[in-house]
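A.B. asks: Whatever this is, show me its structure:
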Amino acid sequence: EDLDGVADSDGCPEKDADRDRILDENDKCPEEPEDYNGIDDEDGCPDSVGLGSPFLLPGVAWEGQKVEPKPASYYDLNELAERLNGEPALLVELRVHSPGPDESQATRLAILRAEYLKAFLVAAGVEPHRVVAHGDAEPSIFDSPFEGVQRIDEPRVEVVPRTGRGIAGKGER
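C.D. replies: Residues are numbered from 1 along each chain as shown. Next up is the predicted model:
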């Protein structure tokens, strides 16, 4: 036993006390779970992402032209839903990018994917007015506060926290 205040009575040391899938021996914050938002996801510490700082959901992926994400994507989506449910004043824009050779088809697919993700969050308890779904066929130019500007030519999800609700524009719901 390691007497760290986590299940000390079982007589066994914990390998991952905060259950964030990073072993305590490699975890810089073994008592606080990682938040898997594309920012230092391997360090084991939750990241402080300020309001207005966009972040990626790197675990959300799709098979081919499907609208529903792969099953492994739901870990990141559930984590986002928990965060939003824990911060009721936070509004977000989901930007789904689905580049493809046919721009109109790719835009439609991106919009459908964004709407699917919004519906998932709403089903998980997030109020619909707090999420704007945006789909785009263009590659994303992502300006990370930690990694700088990147051009990304593959399907991806950006989450952009907002302080107020804007008017939905082209490709937004």
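A.B. asks: Could you pull out the strands in the protein for me?
C.D. replies: 55-56, 91-97, 131-136, 140-144, 148-152, 156-162 (DSSP state E).
A.B. asks: pLDDT of the fourth one, averaged?
C.D. replies: It stands for strand 140-144. Strand 140-144 shows a mean pLDDT of 55.
A.B. asks: Does Asp136 touch Arg108 like I think?
C.D. replies: No. Checked against C-beta atoms under 8 Å, the pair Asp136 and Arg108 is beyond contact range at 10.9 Å. Where you see a C-beta, it was placed from the backbone N, CA and C, and this is true even at glycine.
A.B. asks: These two - which one has more neighbours?
C.D. replies: Asp136 (21 against 16; other C-beta atoms under 10 Å).
A.B. asks: check contacts around that one.
C.D. replies: Arg95, Val96, His97, Ser98, Thr107, Ala110, Gly171 (C-beta atoms under 8 Å, 6 or more residues apart in numbering).
A.B. asks: And the furthest pair within these?
C.D. replies: Arg95 and Thr107 (12.5 Å; C-beta to C-beta).
A.B. asks: When the two are compared, which one has more neighbours?
C.D. replies: With neighbours defined as other C-beta under 10 Å, Arg95 and Thr107 compare such that Arg95 has more, 23 against 19.
A.B. asks: And the more buried one, how far from Glu154?
C.D. replies: 14 Å (C-beta to C-beta, to the nearest Å).
A.B. asks: tell me what the top helix by length along the chain is packed against?
C.D. replies: In the chain, taking DSSP state H as the definition, the longest helix is helix 103-123. The helices and strands touching helix 103-123, judged by 3 or more C-beta pairs under 8 Å, 6 or more residues apart in numbering; DSSP states H and E, are helix 74-86, strand 91-97, strand 131-136.
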